[in-house]
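J.: A structural model of the following input is requested.
(2 chains)
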Amino acid sequence: MIPSGFLFALTLAQPWLLLFGLAALVPVLIHFLHRHQHRKLKWAATRYLALAMEKVWRRFSMIQLWLLLLRVTLLLLLSICLATPVLERKESWLEGSGPGSTLKIIAMDTSYSMLARDSVQAGSGQGQDQAPTDQQRQDRARQLASQLVEQSGPGDAFLLVTFDDRLTPVLTAPQASRDAVIDRINLVSPGNRPNQLPPVLEALGELVENHLSSPYDQVELHLVSDFAGANWSSLQEEPTRSAWKS
Amino acid sequence: MDSSPNFLDPQALSELKDLRLRAAAIVDGLVSGMHRSPYQGHSVEFSQHREYVAGDEIRHVDWKVFARTDKIHLKQYEDETNLCCTLLVDQSESMGFAGPDAPWNKFEFGSCLAVAFAWLVLNQRDAVSIGTFADTLVPPARPTDQREAIDKIVNRLKSATPRGSTRFADCLNAFAVENSRRQVVVLISDCFDEFDSVARGLEALRRRDHQVILLQVLDRSEIDFDFGEALELSGMESEPTFRVDPIAVQQAYRKVVEEKTAQLSTFCLNQQILFEQVCTQSNVGSVIRKLMQRNSGRRWMSK
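T.: Model prediction:
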């Protein structure tokens, strides 16, 4: 029994062999060429012939058409068989887990330090000196996350989580709609909690591991953070290391 | 070199030596021959006695009967007359058809058949004439029993070219109107006209009490429709063009030919017309021999 939420996707192992389907044009061409290759002959008994044609013409035309359809269909089926179709079971296929798709887990830092303002160089530069502007880190984080979503491939899906001293899921199921993901990103706002990276990374490791068996070809983890107050030495502690190794 | 067909093919005609065409029914004639006439004439064949009426010639009185009965009776004799046979050959365009393997076209075959009949008739000192028809009738010449007439018949057929459409009813009506004297009419045609037209033409001949022999001449391919490749058949006599796959049509075509032949054959049987369908690949002599044998029981033909 097929569990709900699962769909089947037909993929081709050798899609270029579908070009063999062009051979289906051959019977069509033969059909039309054949109509022009008649031996010409004078005929006296046209009265008899006309009566005979009346009887068989409709049936004969239908047989010809069916034969043509059969020949074309057989060649098309042959080309599909040559292309080696593979039937795959996909979970939430409609949500974007097509062939070559990636699940991108975006983890946004919502610690108190993200409310800080930094001086950043505005514009693209191009040799011109421009005045620096103040921007909250959280805005910069939203921009980066939104860019990541916008620049993703067509089959990609997203998971959104926030973290400070713990991990908080925002989008619990993979979401393929970019607009919906960006909307959720824009709603992310920092709190007043500190940043504790080791337990967060440990939780993210588990999250990635949980989605490794999903139908996506690969799982990417993107951390968007100022890493303020992060104690990198704590990452050398044994539970965190083992989580990341897995 | 003359490539035209030899209508007097000796092999074909030699097969007819033992056949004799007769008018067993009462056929009018002018010259004494082998066929009984309805008119009482002068011959050695006694017919009947008749009572004398004023004006009769005395020399026909049977004096022996007068001596026995004391009544004046005249002796009457059967007059013997010759058969008058008219050959009508269809000269329409469709008769110019020859199949891929046919040695000659239908008109050439029909001409050979007509000459064979003429030879047969002349050989028994009967009179023969020949006419052709298509959309109009080319009237037959005056019947003659001269042996030289065969040359005229041959030349007339050699000079004819198949053309025009077939108008059976009009042509045979015209013949019937112009030829009220009873005779044997041999019709040689493919009968490719509407059945009603053919029927009306034949009925016109029968109304004049002509004895009719109808020989439907067809090519082998017109009977079998045995072709192996796709064909574009352009109709003769201004008829349409058909593109056909012979294998698909063959069965239905043969059935149509059978039905049409049966229809014509039944009509001829009802009209007491001798009908035979002949193929251009057949031997002329054999065709006539078969015709005679098949109808040997009929009164106006015998061996």
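J.: and residue B:50, what does it touch?
T.: If you count contacts by C-beta atoms under 8 Å, 6 or more residues apart in numbering or on different chains, residue B:50 has them with B:73-74, B:76. (C-beta placed from N, C-alpha, C; glycine too.)
J.: Would you mind measuring from it to chain A?
T.: 55 Å (C-beta to the nearest C-beta, to the nearest Å).
J.: Tell me if that residue really is in a strand.
T.: Yes. Counting by DSSP: H, G, I helix; E, B strand; the rest coil, residue B:50 is part of a strand.
J.: what bits of the chain have low per-residue confidence?
T.: Unless you meant another one, I'm taking chain A. A:1-9, A:35-36, A:88-100, A:120-134, A:229-246 (pLDDT under 70).
J.: The chain in question should be chain B.
T.: B:1-45, B:78-82, B:294-303.
J.: Please, where are all the helices along the chain?
T.: All of this refers to chain A. A:25-36, A:46-82, A:137-150, A:178-187, A:197-211, A:238-245 (DSSP state H).
J.: Chain B, not that one
T.: Using DSSP H, helices in chain B cover B:10-14, B:63-69, B:106-123, B:149-159, B:168-178, B:195-207, B:220-224, B:246-270, B:284-294.
J.: C-alpha coordinates for stretch B:61-70, CSV please?
T.: C-alpha atoms of stretch B:61-70 as CSV (Å, rounded to 0.1, in the frame of the first residue of the first chain):
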residue,chain,number,x,y,z
VAL,B,61,-53.2,-28.0,-108.4
ASP,B,62,-52.7,-31.5,-107.1
TRP,B,63,-54.5,-33.5,-109.7
LYS,B,64,-54.2,-36.8,-107.8
VAL,B,65,-56.1,-35.3,-104.9
PHE,B,66,-58.7,-33.9,-107.3
ALA,B,67,-59.1,-37.4,-108.8
ARG,B,68,-59.7,-39.0,-105.4
THR,B,69,-61.8,-36.4,-103.7
ASP,B,70,-63.3,-34.4,-106.6
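J.: in it, what's buried?
T.: residue B:62 (16 or more other C-beta atoms under 10 Å in any protein chain shown).
J.: Please pick out the residue of chain A most distant from its centre.
T.: residue A:44 (69.2 Å; C-alpha atoms, centre = their mean).
J.: Give me the residue at the spatial middle of the chain.
T.: This is for chain A. Chain A, centroid-nearest residue using C-alpha atoms, centre = their mean: residue A:155 at 1.3 Å.
J.: The intended chain is chain B.
T.: What sits nearest the mean C-alpha location of chain B, by C-alpha atoms, centre = their mean, is residue B:186, with 0.8 Å.
J.: List the beta-bridge partners for that one.
T.: residue B:87, residue B:213 (DSSP bridges).
J.: which residues does it contact?
T.: Residue B:186 neighbours (C-beta under 8 Å, 6+ apart): B:85-88, B:114, B:117, B:213, B:215.
J.: Next, work out how far apart residue A:41 and residue B:222 are.
T.: 12 Å (C-beta to C-beta, to the nearest Å).
J.: Could you do residue A:17 as well?
T.: 52 Å.
J.: what does residue A:72 give?
T.: For residue A:72 relative to residue B:222 (C-beta to C-beta), the value is 37 Å.
J.: where does the stretch 101-250 of chain B come near chain A, residue by residue?
T.: B:106, B:190, B:192, B:218-219, B:222, B:229-237, B:239-240, B:242-245, B:248-249 (C-beta under 8 Å from any C-beta of the partner chain).
J.: Restricted to strands, list those.
T.: Among these, DSSP state E puts B:218, B:231-235, B:242-244 in strands.
J.: For ChimeraX, write the select line for the buried members of those residues.
T.: Restricted to buried positions by 16+ other C-beta under 10 Å, the ChimeraX selection for those reads:
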select /B:218,231,233,235,242,244
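J.: Show me which pair in the ones in strands among the residues of the stretch 101-250 of chain B next to chain A is furthest apart.
T.: B:218 and B:243 (22.5 Å; C-beta to C-beta).
J.: The closest residue to residue A:138 other than its chain neighbours - how many residues pack around it?
T.: In space, and not counting its chain neighbours, residue A:138 is closest to residue A:114: 4.4 Å by C-beta to C-beta, 6 or more residues apart in numbering or on different chains. Neighbour count of residue A:114, defined by other C-beta atoms under 10 Å in any protein chain shown: 26.
J.: re the thing from before, quick one, which of residue A:17 and residue B:222 is more surrounded?
T.: For residue A:17 versus residue B:222, neighbours defined as other C-beta under 10 Å are more numerous around residue B:222 (24 against 16).
J.: Would you mind measuring from that one to residue A:43?
T.: For residue B:222, the distance to residue A:43 - C-beta to C-beta - is 8 Å.
J.: Which neighbours do the two have in common?
T.: Common neighbours of residue B:222 and residue A:43 (C-beta under 8 Å, 6+ apart) are residue B:97.
J.: give me phi/psi at the residue in chain B sticking out farthest from the centre?
T.: Distance from the centre of chain B peaks at residue B:70, with 50.9 Å (C-alpha atoms, centre = their mean). Torsion angles at residue B:70 (phi, psi; degrees, to the nearest 10) stand at phi 60, psi 20.
J.: dump the residue contacts of the closest residue to residue B:189 other than its chain neighbours.
T.: Leaving out its chain neighbours, the residue that sits closest to residue B:189 by C-beta to C-beta, 6+ apart is residue B:90, at 3.4 Å. Residue B:90 makes contact with B:107, B:110, B:132-134, B:166, B:187-190, B:217 under the criterion C-beta under 8 Å, 6+ apart.
J.: What's the ChimeraX line that selects buried ones from the residues you listed?
T.: Buried residues within these, by 16+ other C-beta under 10 Å, are selected in ChimeraX with:
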select /B:107,110,132,133,134,166,187,188,189,190,217
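J.: how far away is residue B:160 from chain A?
T.: Taking C-beta to the nearest C-beta, one finds residue B:160 at 17 Å from chain A.
J.: List the contacts of that residue.
T.: Contacts of residue B:160 by C-beta under 8 Å, 6+ apart are B:89, B:91, B:107, B:111, B:132.
J.: Make TSV from those residues and add distance to residue A:168 to it.
T.: Below are these laid out as TSV (distance: C-beta to C-beta, whole Å):
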residue	distance to residue A:168
B:89	111
B:91	108
B:107	106
B:111	111
B:132	112
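J.: Compute the number of surrounding residues for residue A:142.
T.: So residue A:142, with other C-beta under 10 Å, has 20 neighbours.
J.: Tell me the buried residues in stretch A:159-179?
T.: So, applying 16+ other C-beta under 10 Å, buried residues of stretch A:159-179: A:159-164, A:167-168, A:170-171, A:174-176, A:178.
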